[in-house]
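> requesting a structural model of the entry that follows:
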Amino acid sequence: MRLFAALAALLLLAPLSVAQPGGDPVERLAQALELSDDQADLVAELLDPQDPGSSWTLAAELLPTLSDDQRETLFTPPQARQRRQGARRGGQRMGQGRRATRQPDPARQAVTRAARNAALELTDEQVEQLDAYEAAQREAGLAGLRDEAARAQARADLDAILSDDQMEIFEARRAIQRMMRRGLRRGARGI
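Numbering: from 1, shown residues only. Below is the predicted model:
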């Protein structure tokens, strides 16, 4: 009898864990990009939310497999203007306070940097330039993101460092992370 009750409880709870929004990142990407089974398998193999560098590897490996429609979906930001204008809590943008107090983990940064360098196949000169670019972007912070001229200059600086193919991987990684964050926020809010 206990075995039957345990099995019944497991069967009842299993669909809830799978169906929760924002749950499985592979499922989120597969649905958002309408991935084939092979593409979804690639995502499942390469994406590890605990590995800060896995999104770089995934972007470099998944991008060549995407159709034109999938690329368009990936590279089109979802309602970006609404998010900029949107939800505020206590006068702050959502998540802003949390990011402001969190200190970067040097080990995670090193793993991410190594994965970035490998995925983009950077030269030593490009590594130095990209490191300097990212340091300048961190220093500019949110103010730089809000200023249209600063954003245009940052894009020009990045274009001067990366080739077209490298830029596409760079942007694909950003888009993948954006999709992941959006799904996690929805899951946290219970949407």
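> please make it C-alpha for all contacts and neighbour counts, starting now.
OK.
> neighbours around Arg155, how many?
By the measure other Cα atoms under 10 Å, the count of residues near Arg155 is 12.
> nope, Leu162 is what I was after
Leu162 has 18 nearby residues by other Cα under 10 Å.
> surely it and Gln126 touch.
Yes: at 7.4 Å, Leu162 and Gln126 qualify as touching, with contact defined as Cα atoms under 8 Å.
> stretch 43-57: end-to-end distance?
Stretch 43-57 has an end-to-end distance of 10 Å (criterion: Cα to Cα, to the nearest Å).
> show me which positions of that stretch end up buried.
For stretch 43-57, burial by neighbour count (16 or more other Cα atoms under 10 Å) applies to Val43, Ala44, Leu46, Leu47, Pro52, Gly53, Ser54, Ser55, Trp56, Thr57.
> quick one, helices of the protein?
2-19, 25-33, 37-46, 54-62, 68-75, 80-85, 96-101, 106-120, 124-146, 148-161, 164-189 (DSSP state H).
> can you add mean pLDDT and give these back as TSV?
Below are the helices of the chain laid out as TSV (pLDDT from 0 to 100):
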stretch	mean pLDDT
helix 2-19	39
helix 25-33	87
helix 37-46	94
helix 54-62	95
helix 68-75	93
helix 80-85	42
helix 96-101	47
helix 106-120	95
helix 124-146	87
helix 148-161	91
helix 164-189	79
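> just say which of those is most tucked in.
Stretch with highest mean neighbour count among these: helix 54-62 (a mean of 22; mean count of other Cα atoms under 10 Å).
> that one to helix 37-46, inter-axis angle?
Here helix 54-62 runs at an angle of 150 degrees relative to helix 37-46 (axes from the mean of the first three to the mean of the last three Cα atoms, to 10 degrees).
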